[in-house]
Each structure stands twice: as structure tokens, then as C-alpha cells.
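In: Prediction below, plus the sequence it came from.
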Amino acid sequence: MRTTVGIIGAGPAGLLLARLLHDAGIDSVVLESRDRVYVEHRQRAGILEQGTVDVLRAAGAGERMDREGLRHDGMELRFARRRHRVDFPGLTGGRSVMVYAQTEVCKDLIALQLKEGGPLLFEAEALAVEGADGDRPRVRFRHQGREEVLECDYVAGCDGFWGVSRAAVPASLARVSERTYPFGWLGILAEVPPSHDELVYARHDRGFALLSMRSPSVSRLYLQVPADTDAAAWSDEEIWDELERRLETDDDWTLNRGPITQKSVTPMRSYVHEPMRHGRLFLAGDAAHIVPPTGAKGLNLAVGDVVTLARALTHEKETGSAELLDAYSATCLRRVWQAERFSYDMTTMLHRASDATSFDDGLQLAALDRIASSRAAGTDLAEGYTGFPIG
Ligand code: FAD
Ligand code: DHB
């Protein structure tokens, strides 16, 4: 099998890259280790930055998002039983975000790819990327019980944090920067209308809580828990009781409870692999970097990477110049580090370590109070949350 761009992974990064390349007249093959149902139902991110929304629309993948997604013009910070609204358009000159789940983005992109794109092979597991530093890179993969080879001009490693493509970069050429956190998020989906019409990020002495949503009738909520927590150890009632405590306010706000349909624990990590390119192999999305989920940046970073990569490959095709491909890693990393900083700051401001001192608490409350009382601090948060520019 032969193609111009071999794409490993059909998460948001791989699927969007295939679509953007298709629009530019560049052929690709997508290899995905899981089956279609699994990829379309894996619960993950829920917030699309303004730039991501614009890219999906321009790629022809915005129709259902515009119909069913919920545009959000603000979010609420909750601390010391107080509520503070951050007005996104007012502070950023008109930007907002969209609540539209990653599962739905993937469903839309898969449907488009199968209708008019190049091959997308499910249950096709990449085993290794070979010859990345030569002219003819190859992806060895297993499909329908047989080992096969995909020969390419370029390989895009979009196979997430646990994929194989990052391993094709020799360790001696890579720099890895990493931080793990002693806590994770217990996330639930519940069949109940959201208790607030915008997201609520809450700092509480008992730990962080987040109120989000998937639709007007489905809530998505998260609780900070110790990193090694087993989701099954929390009963539904315990989860609702804890959410209620951490989200409590001095006014008459109440939490709607309903049947919990899913619960799981997500670990939290910051991770950056530099460079994001080795020869003809380009890493994109979680394959190259991870952020803790507090800033809702993971999916949006993946989108920025593949937009930059598609632009560079198109430029090379149209002009013969590899200038943008050569700049790919540095261009992406600039935005990646901004998102790393933003996600780390939000995580640190809102989560409570088990050994937190009154000094740590004081700093957190001062940071939140600053956002609530200074337009400059509010603007900094709103600009970061609605997204750093791509490219
Ligand atoms: P992925 O979505 O991980 O896609 C990679 C794809 O590659 C997968 O389909 C995988 O099956 C496939 N693959 C892996 N190995 C191979 C192989 N060898 N061969 C072929 N295919 C392979 N972000 C937020 O902003 N908010 C959240 O609430 C949030 N929750 C998350 C929860 C979890 C459990 C995880 C893991 C991530 C979460 N994220 C969240 C991050 C966000 O979902 C990711 O940043 C986003 O999915 C990145 O997209 P991607 O395409 O780079 O990687
Ligand atoms: C969601 C996830 C996030 O990480 C976040 O910061 C906001 C919302 C969500 O899944 O809805």
C-alpha cells in the first residue's frame, strides 16, 4: 500500500488532518487500531475554542456542530461560596467557545472521511514507523490478522499519548519535559439538565469541582480525587453529595441530581516532547504533548498542530519549498508551551493538594480574587481560555 501521507490514529488530530489534506488535494491513508464504535464513543473533551470552531466550519465539518453545539459567552469561577462570571466576548473583543463533545467531532469527521475522503482503516494497528529520517518512510501495521506495510512520503503520528510513533524519534535527539499531579478527575455523565447555563469551575477546601454539560438535558461533572482512585469506589449518592458541597454558594443556587450513566477517572499530566518532527515523521496532538484537563486545551492543541501541518504540506506541494515543514515543530511548540503554562496555572489555582498549607490557600484565593476584581487579570484568563492563535 502506498500514499502521500500515512496518518496513524483516528482521534481528532488524525481525522481532521485527513480532511484538511483531502481539501488540499493531497492523498492520505488513516490507520486506527480500535473499531469505529469505540472511537465514536470514547468520552473525553467537551469544549471547542473559537479557532477550532472556525477550522471545523471551514473544513465542512461544522453543520451539526452549529445546529447542536452550545455557544458559551462566559464561564463562572466559584470560590469562598462566591460566584464570579468571566465574560469572554466582552474581554476578548468578541471571542467565545462552543460546547460540543469530542465524540461528536469524531463522528462528523469519520462520516465525511468515509463519504468522500481516502481510506480509513479501523482495527489497523501501527506496529512501528521505519525510515523516518530517509526519503521513503514506512509504517508497519497489522490489519485483519495480516502484517502489512504502508509506504509514504510523510508520516503523521496522531496516535495519542500511548501510540508508537513517538518511539521512532531517537531518545538522544529528544527532550522530554514532564510533570505528574497527585490527583485526577472523577468524571460523570448524568441524565439531568445542567444546573447552570455556563461552565462552573470551583475551588473548594475539599478540592476542585467542575460543572459542564453535553446538551440541554445531559450534564457532565468532575471532582478532583486522589490519582489512584477507583471510580467504582464512589457510589452515585456520594458523588452528588460531594459535588453539592464543593459547588455550594451563599445564594439560592441548587444542584440538579439525576441518573449517572458513566463514571471514570482521568489521570492528570503535563508532558512535552521536543522536537515534534524527526525527518519525515511529524508528531501531532497527544502523541507529542499532554496538558492537565483544567483549561480544556488538549483537543484544541491537537487541532492547531494539524492545521499547521496541513498548511506546511500544502505549501510544499504548491511551491516545492519545505520551509514551513522545517518550521513545523517550532511553530507548534510556541503555542503548546502557552497552553502548558495556562493549563498548569489553572490547575494550580483551582486544585487543593492534600498537604496544602494556609499559605497555598491564601495564594489561590488571591489569584481568584485578582481575576474577579481586575479587568487585566480577567482578560488574561479569557484570552487563554478562548484560545491562543494558531501558527
Ligand atoms: P487521541 O484522541 O488519543 O487519538 C489517538 C488515536 O490513535 C486513538 O483513536 C487511538 O486509538 C489511536 N492509536 C493509538 N495507538 C495506535 C496505533 N499503534 N496504531 C493505530 N492507531 C493508534 N481534553 C480536554 O480538553 N478535556 C477533557 O475533559 C479531556 N478528557 C480526557 C480524558 C481522557 C481519558 C484522555 C486520554 C484525554 C482527555 N482529554 C481531555 C484530552 C483530549 O481528549 C485529547 O487531547 C485529544 O483526544 C487529543 O487528540 P489526538 O487525536 O491527538 O489523540
Ligand atoms: C470539559 C472538560 C474540561 O477539561 C474542561 O476544562 C471543561 C469541560 C468537559 O468535558 O465538558
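Out: On my side now, so go ahead. Ligands and ions are numbered 1, 2, ... in the order given.

In: so where do the helices sit in this protein?
Out: Residue ranges of the helices in the chain, as given by DSSP state H, are 12-23, 36-41, 50-58, 63-68, 88-92, 102-116, 236-246, 298-319, 323-350, 358-373, 375-386.

In: Name the residues of the third one that come out as buried.
Out: Applying a neighbour-count criterion of 16 or more other C-beta atoms under 10 Å, the buried positions in helix 50-58 are 50-56. For glycine as for every other residue, the C-beta is placed from the backbone atoms N, C-alpha and C.

In: Kindly report the same for stretch 221-238.
Out: 221-225, 229, 231, 234.

In: if I read this right, V129 contacts V149, doesn't it?
Out: No - taking contacts as C-beta atoms under 8 Å, V129 lies outside contact range of V149: 11.2 Å.

In: Taking the stretch 1-150 of the chain, what residue is nearest to ligand 2?
Out: Here the residue of the stretch 1-150 of the chain nearest ligand 2 is G46; by C-beta to the nearest ligand atom that distance is 2.6 Å.

In: How many residues are close by that residue?
Out: Residues lying near G46 (other C-beta atoms under 10 Å) number 23.

In: Pass me the low-pLDDT residue ranges in the stretch 151-300 of the chain, would you?
Out: For the stretch 151-300 of the chain, applying pLDDT under 70 flags no range at all.

In: what does it put close to ligand 2?
Out: 199, 210, 212, 220, 293-294, 296 (C-beta under 6 Å from any ligand atom).

In: Can you add neighbour count and give these back as TSV?
Out: Listed next are those as TSV, based on neighbours: other C-beta atoms under 10 Å:
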residue	neighbour count
L199	23
L210	24
S212	23
R220	21
P293	25
T294	24
A296	24
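
In: Can you tell me which of the residues you listed is nearest E340?
Out: Compare each of those with E340 using C-beta to C-beta and the shortest gap goes to T294, at 11.7 Å.

In: unless I'm mixing things up, the closest one is touching M346, no?
Out: Yes - contact criterion C-beta under 8 Å: T294 and M346 qualify, at 4.3 Å.

In: shared neighbours of these two, which are they?
Out: Residues within reach of T294 and of M346 at once, by C-beta atoms under 8 Å, 6 or more residues apart in numbering, are Y201.

In: related to what we said a few turns ago, residue contacts, the residue of the stretch 1-150 of the chain closest to ligand 2?
Out: 99-102, 212-214, 220, 296.

In: Make TSV from these and add distance to V164 to it.
Out: Shown next, in TSV, are the contacts of G46 (distance: C-beta to C-beta, whole Å):
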residue	distance to V164
V99	33
Y100	30
A101	27
Q102	22
S212	32
M213	35
R214	32
R220	31
A296	27
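
In: So which of those residues belong to strands?
Out: Among these, the members falling in strands (DSSP state E) are 99, 212-214, 220.

In: Go through the residues you listed and say which is closest to ligand 2.
Out: Ligand 2 has its nearest neighbour among those in S212, at 3.3 Å by C-beta to the nearest ligand atom.

In: shouldn't the closest one be in contact with A202?
Out: No - the criterion here is C-beta under 8 Å, and S212 misses it with A202 at 11.6 Å.

In: and the stretch 1-150 of the chain, which residues reach ligand 2?
Out: Proximity of the stretch 1-150 of the chain to ligand 2, by C-beta under 6 Å from any ligand atom, involves residues 45-47.

In: so what's Q43 scoring on pLDDT?
Out: For Q43, the model assigns a pLDDT of 89.

In: Could you find the closest non-adjacent residue to it?
Out: Spatially, and ignoring its direct neighbours in sequence, Q43 is nearest to Q262 (6.2 Å; C-beta to C-beta, 6 or more residues apart in numbering).

In: Mind jotting down where the strands sit in the stretch 151-300 of the chain?
Out: Assigned by DSSP state E, counting those that start in this stretch, the stretch 151-300 of the chain shows strands spanning 175-190, 199-203, 209-215, 218-226, 260-274, 277-278, 281-283, 289-290.

In: Mind listing the residues bridging to the residue nearest to Q43?
Out: Q262 has these beta-bridge partners by DSSP bridges: L189.

In: How about the contacts made by it?
Out: Q262 makes contact with 43, 187-189, according to C-beta under 8 Å, 6+ apart.

In: Distance check, it against ligand 2.
Out: From Q262 across to ligand 2, the span is 12 Å (C-beta to the nearest ligand atom, to the nearest Å).

In: how much space between that residue and R146?
Out: Applying C-beta to C-beta, to the nearest Å, the value for Q262 to R146 is 35 Å.

In: Likewise for W337?
Out: From W337 to R146 the distance is 42 Å (C-beta to C-beta).

In: Neighbour count: those two, which is higher?
Out: In this view W337 and R146 are compared by other C-beta under 10 Å, and W337 has more residues nearby, 15 against 7.

In: and the residue lying closest to that one once chain neighbours are set aside, how many residues sit next to it?
Out: Nearest residue to W337, sequence neighbours excluded (C-beta to C-beta, 6+ apart): V272, at 7.1 Å. Neighbourhood size, V272 [other C-beta under 10 Å]: 19.

In: how close does V272 get to ligand 1?
Out: Using C-beta to the nearest ligand atom, V272 is found at 13 Å from ligand 1.
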